[in-house]
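K.L.:
Requesting a structural model of the entry that follows:
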Amino acid sequence: MKTLNLKRMNWIMALAMMLGVMFVSCSDDNDNGGVDTPVFPALQEMNCAAGESIELSFDANMDWQLSSNAAWCKFVNGEFTETLTSGKAGDGQKVQVAVSADGQNYDEDAVAEITMTMGEKSQVVFKITRAKKEYVGLTVTNEDGTITYGESQPLTIKGSGLRDIPSDSIFTVVYANADMTVGIESESVPAWLKVFNDGNGRFRLIFDKTKGVSNLNSFGTEKGEKIVFATEDALGGNAQTTDKVRRVEIPLAYEGLKMESISFTPVGNSGTGVGLSVNADGTEFFLETSDGLSGETSREEYGNELKTAVSVRNTDYHVLVVGQTKATAPNMAEYYTYDVEQNMDWVHLSESGDEISLTVEPLGEEADRGALVMVFSEDFWTSITNDSVAKYGDLKTALFGQEVVASRDNGEQIMGDIVKFEYSDNVWTSFDQAKEGEASEDQLTLGGYYYSYFDDGGEFNPENEMWMTFADVNGMGMEGVNVSIKDITGTAEADAALKDMGISGIPVYKVSYPESLATTADNALVVEVQSEMEETDNIGSARVDGVNAETLTHEGKPCVKIYGTNASAATACLLAVGNFDMMQFKAYIIVEFYK
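P.N.:
Numbers count the residues shown, from 1 in each chain. Below is the predicted model of the structure:
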């Protein structure tokens, strides 16, 4: 019989229990590489400014977690920031920390503690100090920051225009820069100044012309007026807590009315605006207008003087009188050309304060003439002569542009001068002065007809003819059709035609007529002499170009019929009235066709 060895069994059981414990311990230590005691990095203290970030570097022998005790100090995780971050054990760990300005004040620095947790233990391993907010001295600058305003640098308020429209409202923009919100001490703002606070330190200032102060005249700092900008901690006279600049007092000046702005007010019975006329004696300015429906003409008379009160910066102005020549295109459109170098001594100006008076000399034996009168503030005129003339090369090109008035079939364009838009407000008046000779017994009277014949295939039948006067043609209201005969004696066009023919001193007339109504002998223009002529005189063609001209009579009156498929907007025919045998002519008639 075997006996049980209890001592030996106890030893085997103890050995088994020890092995079991060892196996369990090895299994628990595997997550941290067999390490169960955290080794924390030494405490690091560092500084970081608000709005910046800093990198934390450390070693960790166990899986770790970092936490921040300050809302203004957070860990960067991609595009986000968090108060907690974690990672695996290892050397050379790097974590980015972002520091914001949340809660920052002027009194004390702030310290954030970064706590590391490994296993069951935690320890502060980083302290990050954010410096307190520093006071920044207040500065007030112009819009682009090139001028800093202050006691020795006044702020000049820009001038607006005269009209209550957005383009005439000119703001002076300044920026107030400081470490906190900036305002303006309201009691420092003069009555004539209106202030708009746009936020973020941007202020718009504008002259308030409703406050009884003239917006025409400029003034400097001699008025002693100032505007005061202050940070919010110094507004209302609060005591300053720093030696940095908190209040800026700026002397104010005003440049006066916008230099381009101007207005004219007629004085007394004076006319104003463009399109006036003055008689040959220079004793009567007048404006003639026509009713487009009835054809009736009205005339308003202004006496021998034009007079205006001008509103302009500092009542300091420059008057420019320009030569004006009126012409009529083949399509009956009137247009002007201007000459800034023409001698205008026949126009007399008188200036007294803000009033300008104008008179003209009698025409005498001079050719018809005209004038355009422009007025500029002296500052604007200086800008034009210094800048615009330098840019465009001469005064006329600086002030005037051109527009197409009509086009001829050969591609030639008839151009008229126009005042550039930016100077249109500077035109005070314009007028023409022309001869007003009374009708004499031997004065030439012309008539015009549209002639058509209905060909029924038989013999000529006068009853198939139609003679339509120019007045009847215009009365039909056909689109683009306006026929006329005008006396253009004394114009540049008339003088050129006479010079081309080698003669001078006789009247010149002009016929404007559409090409479409002068294509054949049965669809033609007829020009008729209606006044009495000497027996030896007649009307006929002096020169033709691409058209046919036939002489005939109508009701006993001598006529010329003009037609041809080659008629164009160019001068197609020149007629003459007089003795063709002796080559002694009493008048020329320019015939121009238009499309």
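K.L.:
Let me know how buried Asp387 is, in neighbour terms.
P.N.:
Asp387: 11 surrounding residues under other CB atoms under 10 Å. All C-beta spots, glycine's among them, are computed from the backbone N, C-alpha and C.
K.L.:
hmm, I was thinking of Glu222
P.N.:
Quick note: Glu222 (other CB under 10 Å) scores 8 neighbours.
K.L.:
How about Val124?
P.N.:
For Val124, using other CB under 10 Å, the count is 12.
K.L.:
same check, this time on Glu300
P.N.:
Per other CB under 10 Å, the neighbour tally for Glu300 reads 12.
K.L.:
cool, and the one 5 residues further on?
P.N.:
Here the number of neighbours of Glu305 (other CB under 10 Å) works out to 18.
K.L.:
Distance of it relative to Ile356?
P.N.:
Separation of Glu305 from Ile356 (CB to CB, to the nearest Å): 11 Å.
K.L.:
how about low-confidence regions in the chain?
P.N.:
1-34, 239-240, 290-296, 330-332, 408-409, 436-443, 565-572 (pLDDT under 70).
K.L.:
What are the boundaries of the strands in the stretch 351-500 of the chain?
P.N.:
Under the criterion DSSP state E, counting those that start in this stretch, the stretch 351-500 of the chain contains strands at 355-360, 369-377, 400-407, 413-419, 427-433, 446-453, 465-469, 484-487.
K.L.:
again, but for the stretch 101-250 of the chain
P.N.:
Using DSSP E, counting those that start in this stretch, the strands of the stretch 101-250 of the chain run over residues 110-118, 121-130, 139-142, 148-149, 155-157, 172-177, 182-184, 193-199, 202-207, 226-231, 247-254.
K.L.:
give the contact list for Ala309.
P.N.:
The contact partners of Ala309, by CB atoms under 8 Å, 6 or more residues apart in numbering, come to Phe264, Thr265, Val267, Asp354, Glu355.
K.L.:
how does it look with 6 Å?
P.N.:
Ala309 makes contact with Thr265, Val267, Asp354, Glu355 under the criterion CB atoms under 6 Å, 6 or more residues apart in numbering.
K.L.:
ditto for Phe219
P.N.:
Tyr254.
K.L.:
which residues pair with it across the strands?
P.N.:
Note on Phe219: beta-bridge partners by DSSP bridges are Tyr254.
K.L.:
Next: the one 10 residues further on.
P.N.:
Using DSSP bridges, the bridge partners assigned to Phe229 are Ile184, Val248.
K.L.:
Make 5 the starting number, not 1.
P.N.:
Sounds good: first residue 5 from here, last item Phe233.
K.L.:
Give the closest residue to Asp95 in space, chain neighbours not counted.
P.N.:
Asp63 (4.3 Å; CB to CB, 6 or more residues apart in numbering).
K.L.:
is it true that Gly163 touches Tyr258?
P.N.:
No. The criterion here is CB atoms under 6 Å, and Gly163 misses it with Tyr258 at 7.1 Å.
K.L.:
Count the residues that sit near the residue nearest to Asp95.
P.N.:
Counted with other CB under 10 Å, Asp63 comes out at 13.
K.L.:
Mind checking what secondary structure it has?
P.N.:
strand (DSSP: H, G, I helix; E, B strand; the rest coil).
K.L.:
Is it correct that it is in contact with Lys98?
P.N.:
No. Look at Asp63 against Lys98 with CB under 6 Å: they stay out of range, at 11.0 Å.
K.L.:
Could you pull out the helices in the chain for me?
P.N.:
Here the chain has its helices, by DSSP state H, at 10-32, 382-387, 393-396, 399-403, 474-479, 496-505.
K.L.:
tell me which residues in the last one are buried?
P.N.:
Of all the residues in helix 496-505, those buried under the rule 16 or more other CB atoms under 10 Å are Glu497, Ala498, Ala501, Leu502, Met505.
K.L.:
what's the straight distance from one end of stretch 385-404 to the other?
P.N.:
End-to-end distance of stretch 385-404 (CA to CA, to the nearest Å): 15 Å.
K.L.:
Next: stretch 307-321.
P.N.:
For stretch 307-321, the end-to-end distance is 25 Å (CA to CA).
K.L.:
So what's the gap between that stretch and the chain middle?
P.N.:
26 Å (CA atoms, centre = their mean, to the nearest Å).
K.L.:
Check stretch 269-287 too.
P.N.:
Centroid separation for stretch 269-287 versus its chain: 32 Å, with CA atoms, centre = their mean.
K.L.:
Stretch 557-571 too?
P.N.:
That offset, for stretch 557-571, works out to 53 Å (CA atoms, centre = their mean).
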